[in-house]
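Participant: 3D model of this:
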Amino acid sequence: MKFLVTYQMPHAGLDDWQKIPEAERKTQEAHMQSEWESWMAQHKESITETAGIGKPKRITSEGIEDSRNDIMMYSFVEAESLEAAADIFRSHPHFGIPGGWIEVMSVNKNIG
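Facilitator: Here you go, the predicted structure:
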């Protein structure tokens, strides 16, 4: 079965992150990147795609406007069940981000 995974943090936390001096922030980013790469290598058989998310646009019947949400990245994962997919992320390095969380949901292909 296929599942969508979203990596999230409060966008206020991202604002705070940007206030950290650049040299310190870059060091922390490099450390987190190393942890992510290691985790991804360990789970490469389950993870089929991962990418970062850009700034969203909100579209309503009133028009289109800039928006913000808490999603930073997404992945697609193959697993036997929702519980099995969620369990893959139990010790993910994303939890090193203050206030960060991960959501896993099934992908239903037969809509529409």
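Participant: outside of the lowest-mean-pLDDT helix or strand in the chain, which residues touch it?
Facilitator: Across the helices and strands of the chain, the lowest-confidence element by mean pLDDT, DSSP states H and E is helix 11-18, at a mean of 79. When contacts are defined by Cβ atoms under 8 Å, 6 or more residues apart in numbering, helix 11-18 is touched by residues 25, 68-70, 72, 97-100. C-betas here are computed from N, CA, C, even on glycine.
Participant: Pull the most distant pair out of the residues you listed.
Facilitator: By the measure Cβ to Cβ, those have their two most distant members at Arg25 and Asn69, which lie 21.9 Å apart.
Participant: all helices for the protein, in order.
Facilitator: Chain-ordered helices for the chain, with DSSP state H as the definition, fall at 11-18, 22-42, 82-88.
Participant: Could you list the buried residues of the last one?
Facilitator: It refers to helix 82-88. Applying a neighbour-count criterion of 16 or more other Cβ atoms under 10 Å, one finds 85-86, 88 buried in helix 82-88.
Participant: Same list (these) but as TSV, adding distance to Asp16 and pLDDT.
Facilitator: Output for those, formatted as TSV (distance: Cβ to Cβ, whole Å; pLDDT from 0 to 100):
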residue	distance to Asp16	pLDDT
Ala85	30	97
Ala86	28	97
Ile88	29	96
